[in-house]
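> missing the sequence, but the structure's below:
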């Protein structure tokens, strides 16, 4: 018989023949095809279980805007409320739920399954993050449109959501994945995900002009802030597109950094 050793390689030692070296069972998949495969698998898996939660996230954001309507009349504060509530849908799914998912995956030993697949670690993190972020699109659009109607804001430039959703989603999904993978226990991963979503709620939805100065500094450290600012600027009569582009560029940089940290955290967790 041919013996299989734990490293996933085949040896001829069982026949008494000299071992000519370990040969891989399958070639390692390239990043993009592996990423697409993981994305499709996660999208199919999460379609049934996550859609009800997406309704909850959308209902929550719309409810917050209705409550704030009694406090905020219009102007910059209305723009901040609508933009913050829209990005909050992204935070609920991409940060909170993804932190819980990776925390559960690590606690249950599910990472061992991915570790046996011949796919790059980055494809697992990026594919899963992309699948979760994709579920935020309908809820974010519905929230932005409902908020614009509620606060009588223009709908003209809502196309910018095509950039805000993936960029803010990447930044928040990377943060959520990193929290889930680095947390020593599943309960702590859940707690960190919920705290992150709460921070996105308090620091993103509340107008910055009404926050104390130290809280404003903390707001600047939150990845979703720049997505909120980019969307809020587009509600102005004459948007400052250079400022919008800067905010989106910051979102991009934070997204790349957070996903890189999440990939490192995945490698670290998978070898334990």
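Ah, there it is. The shown structure was predicted, so the numbers you read here are calculated from the model rather than taken from an experiment.
> and the longest helix for the chain?
Taking DSSP state H as the criterion, the chain has its longest helix at helix 31-69.
> Run through the neighbouring helices and strands of the very next helix or strand once past that one.
Counting by DSSP states H and E, the next helix or strand C-terminal to helix 31-69 is helix 75-90. Applying 3 or more C-beta pairs under 8 Å, 6 or more residues apart in numbering; DSSP states H and E, we find helix 75-90 packed against helix 31-69, helix 136-150, helix 161-182, helix 186-205, helix 224-233. The way it works is simple: take the backbone N, C-alpha and C, and place the C-beta from them, glycine included.
> circling back: tell me how far the longest helix of the chain lies from the chain's centre.
Chain-centre distance of helix 31-69: 10 Å, with C-alpha atoms, centre = their mean, to the nearest Å.
> Kindly report the same for stretch 205-220.
Mean-position distance between stretch 205-220 and its chain equals 23 Å (C-alpha atoms, centre = their mean).
> Next, find the distance separating residue 61 from residue 198.
The gap separating residue 61 from residue 198 is 14 Å, by C-beta to C-beta, to the nearest Å.
> Let me see the contact set for the most centrally placed residue in the chain.
The chain has residue 173 as the residue nearest its centroid, 1.8 Å off, counting by C-alpha atoms, centre = their mean. Residues counted as contacts of residue 173 (C-beta atoms under 8 Å, 6 or more residues apart in numbering) are 94-95, 98, 129-130, 132-133, 258-259, 262.
> How about residue 130, nearest residue that isn't a chain neighbour?
residue 39 (5.1 Å; C-beta to C-beta, 6 or more residues apart in numbering).
> What is the burial count for the one you found?
When neighbours are defined as other C-beta atoms under 10 Å, residue 39 has 18 of them.
> now swap in the one 5 residues further on and tell me
Using other C-beta under 10 Å as the criterion, residue 44 is surrounded by 10 other residues.
> if we can go back for a sec, can you tell me which of the contacts of residue 173 are in helices?
Per DSSP H, the contacts of residue 173 map to helices at 98, 129-130, 132-133, 258-259, 262.
> quick one: low-confidence ranges for this structure?
Regions of the chain meeting the criterion pLDDT under 70 cover residues 1-29, 46-50, 271-272.
> Not counting residues beside it along the chain, what's closest to residue 167?
Spatial nearest neighbour of residue 167, excluding adjacent residues (C-beta to C-beta, 6+ apart): residue 251 at 4.0 Å.
> and the one you found, what does it touch?
164, 167-168, 170-171, 223, 226-227, 230.
> mind redoing it with 6 Å?
167-168, 171, 226-227 (C-beta atoms under 6 Å, 6 or more residues apart in numbering).
> and if you look at residue 65?
By C-beta under 6 Å, 6+ apart, the contact set of residue 65 is 85, 147, 150.
> got the contact list for residue 131?
Here residue 131 is in contact with 39, 42-43 (C-beta under 6 Å, 6+ apart).
> Relative to residue 125, how far out is it?
11 Å.
> got it, and residue 83?
The gap separating residue 83 from residue 125 is 27 Å, by C-beta to C-beta.
> Those two - which one has more neighbours?
Between residue 83 and residue 125, residue 125 has the larger neighbour count (other C-beta under 10 Å), namely 29 against 26.
> quick one: whichever helix or strand that one is part of to helix 161-182, angle?
Assigned by DSSP H and E, residue 125 belongs to helix 121-134. Angle, helix 121-134 to helix 161-182, by axes from the mean of the first three to the mean of the last three C-alpha atoms, to 10 degrees: 130 degrees.
> Going by neighbour count, which residues of helix 121-134 are buried?
Residues of helix 121-134 classed as buried: 121-134 (neighbour count, 16 or more other C-beta atoms under 10 Å).
> Verify the contact between residue 263 and residue 121 for me.
Yes. Counting by C-beta atoms under 6 Å, residue 121 is a contact partner of residue 263 at 5.5 Å.
> before we move on, the earlier item: need the buried residues of helix 121-134 in CSV with distance to residue 179, can you?
Output for the buried residues of helix 121-134, formatted as CSV (distance: C-beta to C-beta, whole Å):
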residue, distance to residue 179
121, 17
122, 18
123, 20
124, 16
125, 13
126, 17
127, 18
128, 14
129, 12
130, 18
131, 18
132, 13
133, 16
134, 20
